[in-house]
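*Asks:* Sequence plus predicted model, see below.
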Amino acid sequence: MTNQLPVLPLIVCSMLLAVTRLREMSNGGSLLARWVVGYYIITTLISITLSCLMTGLVWAHQFKEVGEDSLRMDDDEESTVDTSERPIHQVVLEMFQSFIPSNVVYAMANDQLLAIIITAIIVGYLIESSQSPIIRVTEEIERMITKIITFLIQVAPVGVFFLILSNLTKLDITTIGKNLGLLIGATLSTMLIHVLIILPIIFFSFTRMNPYAYWIKIAPAWVTAWGSASSAATLPVTLRCAKARGIPATIYKFSCPLGCLINMDG
């Protein structure tokens, strides 16, 4: 999992500003929120359904069980992994308890995105005016964090390369090679069906525009997402692409951080 701590201030600032602007829109703000949340939920359910069907019907029977030696972890790794089985009601209870953090600073330090976003939404709703000093400070922090994240994205490939290189030395490539190839093939084929068929159909149904031409115009966003495998790390590029396409700031500064939070489309 990619550490998202450097991007958290950007997410918080974007959500806080977006909620403040949504309040000023009155009924239009609630309508926008319903459409955005509804779109994310529906497309996520579609992607999950597609993934289950592809895995169950096409790929599941082709994987080969590997030996225990390939699955064994180091002692240090085993001590940090919680493999205990928890009852469903406890999982649900912990999920609801995670909505409201007891300590916001602790939540940010431990990547508790849901709690942080809810806190930002509440704070943004409580701010009475867009001329508040808090809003001006938040806008300045957002600009600074965007510059920092842009620099980190440029140097990230070096760190990712050495991270992968260290893990490759621990794996038995001859044993897991087939499964790895199948996993990559299953992932790519399912993603291509969702991205090149399902989402363009939805896009065309509402906009009557060529989805593939539009997709090329926002290439920096999805190329960065593909390379970094992190929706949080891609957020600054996504915001820049949305602005370049002429999307109103209120819309993209609300929808993009929210999509980043829920890992858009599963």
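*Replies:* Now that the structure is in, tell me what you want to look at. Numbers count the residues shown, from 1 in each chain.
*Asks:* and the next element down the chain from the longest helix along the chain?
*Replies:* Ranked by number of residues, the top helix in the chain under DSSP state H is helix 133-168. The helix or strand immediately downstream of helix 133-168 is helix 173-193, counting by DSSP states H and E.
*Asks:* Now do that next one: which elements does it pack against?
*Replies:* Judged by 3 or more CB pairs under 8 Å, 6 or more residues apart in numbering; DSSP states H and E, the packing partners of helix 173-193 are helix 27-54, helix 68-71. Where C-beta positions appear, they are placed from N, C-alpha and C, glycine not excepted.
*Asks:* any idea of the mean pLDDT in the last one?
*Replies:* Averaged across helix 68-71, pLDDT comes to 56.
*Asks:* same thing with the longest one?
*Replies:* Predicted confidence along helix 27-54 averages 82 (mean pLDDT).
*Asks:* Looking at the helices and strands packed on helix 173-193, spot the one closest to D111.
*Replies:* When the helices and strands packed on helix 173-193 are compared by CB to CB, helix 27-54 sits nearest D111, at 20.0 Å.
*Asks:* how far off helix 173-193 does the closest one point, in degrees?
*Replies:* 130 degrees (axes from the mean of the first three to the mean of the last three CA atoms, to 10 degrees).
*Asks:* What pLDDT is listed against R245?
*Replies:* 90.
*Asks:* backbone phi and psi for it, please?
*Replies:* phi -80, psi 0 (degrees, to the nearest 10).
*Asks:* I218 is in contact with that one, correct?
*Replies:* Yes: the pair R245 / I218 is scored as a contact, 6.7 Å apart, by CB atoms under 8 Å.
*Asks:* out of those two, which sits in the more crowded spot?
*Replies:* The residue with more neighbours, out of R245 and I218, is I218; 16 against 11, by other CB atoms under 10 Å.
*Asks:* State the distance from A229 to A186.
*Replies:* 16 Å (CB to CB, to the nearest Å).
*Asks:* Count the residues that sit near the nearest residue to A107 once chain neighbours are set aside.
*Replies:* Once flanking residues are discounted, A107 sits nearest to P101: 3.8 Å by CB to CB, 6 or more residues apart in numbering. Using other CB under 10 Å, P101 has 18 other residues around it.
*Asks:* ok, now which ones touch P101?
*Replies:* A107, Q112, A115, I116, T119 (CB atoms under 8 Å, 6 or more residues apart in numbering).
*Asks:* Could you export these as CSV, including neighbour count and distance to A18?
*Replies:* Below are those laid out as CSV (neighbours: other CB atoms under 10 Å; distance: CB to CB, whole Å):
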residue, neighbour count, distance to A18
A107, 20, 19
Q112, 19, 20
A115, 20, 18
I116, 21, 14
T119, 20, 14
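*Asks:* Just send the residues you listed back as CSV, with pLDDT too.
*Replies:* Compiled in CSV, those are given as follows (pLDDT from 0 to 100):
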residue, pLDDT
A107, 76
Q112, 74
A115, 79
I116, 78
T119, 81
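*Asks:* biggest separation within those residues, which pair?
*Replies:* Longest span within those, CB to CB: Q112 and T119, 9.7 Å.
*Asks:* who touches stretch 115-134?
*Replies:* In contact with stretch 115-134 (CB under 8 Å, 6+ apart) are residues 8, 11-12, 15-21, 23-24, 98-101, 104, 107-108, 135, 257-258, 261.
*Asks:* one step back: more neighbours: A229 and A186, which one.
*Replies:* A186 (18 against 11).
*Asks:* pLDDT wise, what is the more buried one at?
*Replies:* A186 is given a pLDDT of 82.
*Asks:* Would you mind listing the residues in contact with it?
*Replies:* M54, T55, V58, W59.
*Asks:* what residue ranges in the stretch 151-266 of the chain are flagged as low confidence?
*Replies:* Filtered on pLDDT under 70, the stretch 151-266 of the chain yields the residue ranges 160, 163-164, 166-177, 179, 261-266.
*Asks:* One more pass at 90, please.
*Replies:* When residues are selected by pLDDT under 90, those of the stretch 151-266 of the chain lie in 151-196, 199, 207, 219-240, 243, 246-266.
*Asks:* Thank you, goodbye.
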